[in-house]
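**Student:** quick one, fold the following:
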Amino acid sequence: MPSAPRETAITVTDARQRKRAAPKGRQVDAQALAQVRALLGDAPRRRDLLIEHLHRLQDRFGHLSAAHLAALAQEMHLAQTEVYEVATFYHHFDIVREGEPAPPPLTVRVCDGLACELAGAKSLRAELEERCGRGVRIVGAPCVGRCEQAPVAVVHQHPVPSARADAVLATLAAGTTTHVHTGYVGFAAYCAGGGYALLERCRRGELDADAVIDLLEDSGLRGLGGAGFPAGRKWRLVGAQPAPRLLAVNIDEGEPGTFKDRWYLERDPHRFVEGALIAAWAVGIDAIYVYLRDEYHGLRAMLHDELDALRASTLGAHLPSIEVRRGAGAYVCGEESAMIESIEGKRGLPRLRPPYVAQVGLFGLPTLEHNFETLHWVREIVERGAGWFASHGRHGRRGLRSFSVSGRVRQPGVKLAPAGITLRELVDEHCGGLPDGHELYAWLPGGASGGIFPASMADLPLDFDTLQPHGGFIGSAAVIVLTRSATHCDRAVDAARNLMRFFRDESCGQCTPCRAGTAKASALIEADRWDLPLLADLSAVMRDASICGLGQAAPNPVDCVVRYFAHELQALR
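**Tutor:** Have a look, this model is predicted:
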């Protein structure tokens, strides 16, 4: 009887040598790859330029398709998962997966920040959704940095201030989708007014770097992005680190209610550039990176033009490298280490510290990180002297503060006022008072994260370190005013709900206390009856265990409502 045929043994080595019918993973479409290569042209394919290249694709095609993401990954020699996770992290990238329809060709964003909500943004959005055609997408957007112009809509990349539906529709009909900024002090005019003369004196050795740093320390200039760290001390700390060193300039300005950096940049862009270059000279900086929030489209084009003019001048031969990097819609990137991660082309996840960015920052090098406005004041302080800046102040405070004031005031805008001025003085002396028939009800001293205070506390000095004992802080000095009249009352409860929704949507998700805490708190305060013990527990955990300031400060609005507006909580029941 014939024996049964034997099974052929397949060794592990044989299996590994088998050729796959197709490569593992998502295949790269040849047409998409050709489009990506044509769009990037001669641009470097460095890892840190990933977000810049994603913007190119988004701007060109109106979205990011799966095919283009795969092609970009191959072109940049990155894993497709790495490209995908970065693209999905930021709000301003529209990801279209396989089989999904692309978004409409045009998007109108209606700001749903607190100042815009007070000015009628909800009804504006509803009317636009009703009146716009199918080829236009209407979406809500977090604060776009134009709170003094509330309500604001953005037609693709063109802002419509004090927006009404008819004005937005007229902008759509005219095809006005990009913003061209005019009316600023350009390079020639800045130089004619003495601009860059101080920088030249520094380079010629007429000024000593230590003496300049001494001036900053004596003036009391502190970081004006919110943290308030002494500027001169930061220059010394970074200068003591081994070379090479970098400078990162933060113009992300995502705190709801804050628009002062935009306001100064719109008018006098070279003043902060000169401040950055003086810092680079004093500290020994090799390269400067300017991180500009994506909502400031017209200012980005203007800044590129003005930097080109500077480079083409006689000053250009002595400049360090200056690169402008474009944000992509992530509030957390206002935190210094998250901003550095974003500049490196990654998700904007805050870093654990130590080490601090002054030691190990951008690309692993010692990094001097500054807010835009801090550098804006450098030239004037050095030219006028430390005493000039320090001589301003009220109620025992020193220096000047740029307040972004919005909400229920007659004249919202950026108000340059003495440090330590009170809210009542600020409104009466700089904002034209309150509208007729209105009385002060509540106010926010530091945007979304600075807390909510009642009118009875309107005589507190506004400055660093003065509001912490009361459960808030000045931060970036974003003041939002709430009022009541015979016909309305701006409730603190509603403000807290708006702000907590913002924190929930903007949490980077890296740490559980912030990711889960903001979502849970937002859900809890939407209820008619607030679970105060649970909210108190959430607040404590978020403050103690969150990695960065977003989670640590997010409970402030809720805690202030519980502390100062208990009567509103009673009325909810």
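
**Student:** for the rest of this, base every contact and every neighbour count on C-alpha atoms.
**Tutor:** Will do.

**Student:** check which helices and strands the helix or strand where Q31 lies sits against.
**Tutor:** If you go by DSSP states H and E, Q31 is part of helix 30-40. With contacts taken as 3 or more CA pairs under 8 Å, 6 or more residues apart in numbering; DSSP states H and E, helix 30-40 sits against helix 50-61, helix 66-76.

**Student:** contact partners of the shortest one?
**Tutor:** With CA atoms under 8 Å, 6 or more residues apart in numbering as the test, helix 66-76 has contacts from 26-29, 32-33, 36-37, 45-47, 57, 79-80, 83-84, 95-98.

**Student:** again, but for the longest one
**Tutor:** Residues external to helix 50-61 that are found in contact with it (CA under 8 Å, 6+ apart): 36, 39-40, 63-64, 68, 83, 86-87, 93-94, 325-326, 328, 342, 345-346.

**Student:** report the buried members of these.
**Tutor:** 36, 40, 63-64, 68, 83, 86-87, 93-94, 325-326, 328, 342, 345-346 (16 or more other CA atoms under 10 Å).

**Student:** find me the pLDDT at the nearest residue to A519 once chain neighbours are set aside, would you?
**Tutor:** The spatial neighbour of A519 that comes closest, neighbours along the chain excluded (CA to CA, 6 or more residues apart in numbering), is R504 at 5.2 Å. Per-residue pLDDT puts R504 at 98.

**Student:** show me what contacts P256?
**Tutor:** 113-114, 142-145, 147, 447-448, 478.

**Student:** roughly how far apart are it and L72?
**Tutor:** 34 Å (CA to CA, to the nearest Å).

**Student:** A536 now?
**Tutor:** 46 Å.

**Student:** in PDB, could you pull the C-alpha coordinates for stretch 65-84?
**Tutor:** The C-alpha trace of stretch 65-84 is given here as PDB (Å, rounded to 0.1, in the frame of the first residue of the first chain):
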ATOM      1  CA  SER A  65      -6.500  63.700   2.100                       C
ATOM      2  CA  ALA A  66      -5.300  60.300   3.200                       C
ATOM      3  CA  ALA A  67      -3.500  60.000  -0.100                       C
ATOM      4  CA  HIS A  68      -1.600  63.300   0.300                       C
ATOM      5  CA  LEU A  69      -0.700  62.400   3.900                       C
ATOM      6  CA  ALA A  70       0.800  59.100   2.800                       C
ATOM      7  CA  ALA A  71       2.700  60.800   0.000                       C
ATOM      8  CA  LEU A  72       4.000  63.500   2.300                       C
ATOM      9  CA  ALA A  73       5.200  60.800   4.800                       C
ATOM     10  CA  GLN A  74       7.100  59.100   2.000                       C
ATOM     11  CA  GLU A  75       8.600  62.300   0.700                       C
ATOM     12  CA  MET A  76       9.800  63.300   4.200                       C
ATOM     13  CA  HIS A  77      10.900  59.800   5.200                       C
ATOM     14  CA  LEU A  78       8.500  59.700   8.100                       C
ATOM     15  CA  ALA A  79       6.100  57.000   9.400                       C
ATOM     16  CA  GLN A  80       2.600  57.600   8.100                       C
ATOM     17  CA  THR A  81       1.300  57.400  11.700                       C
ATOM     18  CA  GLU A  82       3.600  60.200  12.700                       C
ATOM     19  CA  VAL A  83       2.300  62.500  10.000                       C
ATOM     20  CA  TYR A  84      -1.300  61.600  10.800                       C
END
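
**Student:** which of the contacts of helix 66-76 are buried, as a PyMOL select command?
**Tutor:** Buried residues within those, by 16+ other CA under 10 Å, are selected in PyMOL with:
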select buried, resi 28+32+33+36+57+80+83+84+95+96
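
**Student:** just checking, which of the contacts of helix 66-76 belong to helices?
**Tutor:** 32-33, 36-37, 57, 80, 83-84 (DSSP state H).

**Student:** out of those, flag the one nearest to A243.
**Tutor:** V83 (31.4 Å; CA to CA).

**Student:** excluding chain neighbours, what is closest to the closest one?
**Tutor:** Nearest residue to V83, sequence neighbours excluded (CA to CA, 6+ apart): A73, at 6.2 Å.
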